[in-house]
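Mind folding the following:
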Amino acid sequence: MSKSVLINTDIRGILMTGSLPVQVFLLSLKKLCTDKRNIVLVHRQKNTQDMLRLNLTLSDIQSVCRSLTPSDLKEGPCADDNGSPEPVWIFLRRYKEVSLYVKLKIVNGKLLVLSFHE
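The predicted model follows:
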């Protein structure tokens, strides 16, 4: 199956549920997640500790982000605590028997993973 078919399948699933802002965000996120070089994990102690404890890798982050749906949205769009203009999105997603807190934003064509922990 070609990439375009996979992306189109993702788009159909997103467009059938959720509000327009989260749909647009998820479409952008899924496009960025096709290449790991577009994913930037912000190094925070909680992220690092839980990734090590749960044996999670960048591939796991990519997989979780690509699987997010509007129903996983906990909060967003929200203002970023650091005052940057890009909105922050918070999701809760089950992965490998663990409930993950995932806080994301898109800046300059990169997906910033601000939080990724249990």
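
who touches Gln49 in this structure?
Taking C-beta atoms under 8 Å, 6 or more residues apart in numbering as the contact definition, Gln49 lies against His117. For every residue, glycine as well, the C-beta is placed using N, CA and C.

before we move on, what about Thr57?
Contacts of Thr57 (C-beta under 8 Å, 6+ apart): Met51.

How about Ser63?
By C-beta under 8 Å, 6+ apart, the residues touching Ser63 are Tyr95.

Next: the one 4 residues further on.
The neighbours of Ser67, taking C-beta under 8 Å, 6+ apart as the test, are Arg93, Tyr95.

One more: Cys78?
Contacts for Cys78 were tallied using C-beta under 8 Å, 6+ apart; they are Pro87, Val88, Trp89, Ile90.

Which of the helices or strands spans the last one?
Ile90 belongs to strand 88-95 when assigned by DSSP states H and E.

Strand partners (parallel or antiparallel) of that strand?
strand 73-78 (antiparallel), strand 98-107 (antiparallel) (DSSP bridges).

Out of those, indicate the one that is most buried.
Of all the strands paired with strand 88-95, strand 98-107 has the most neighbours on average by mean count of other C-beta atoms under 10 Å, namely a mean of 18.

got a list of contacts for that one?
If you take C-beta under 8 Å, 6+ apart as the criterion, strand 98-107 is touched by 25, 28-29, 32, 54, 64-65, 68, 74, 80, 84, 86-94, 111-118.
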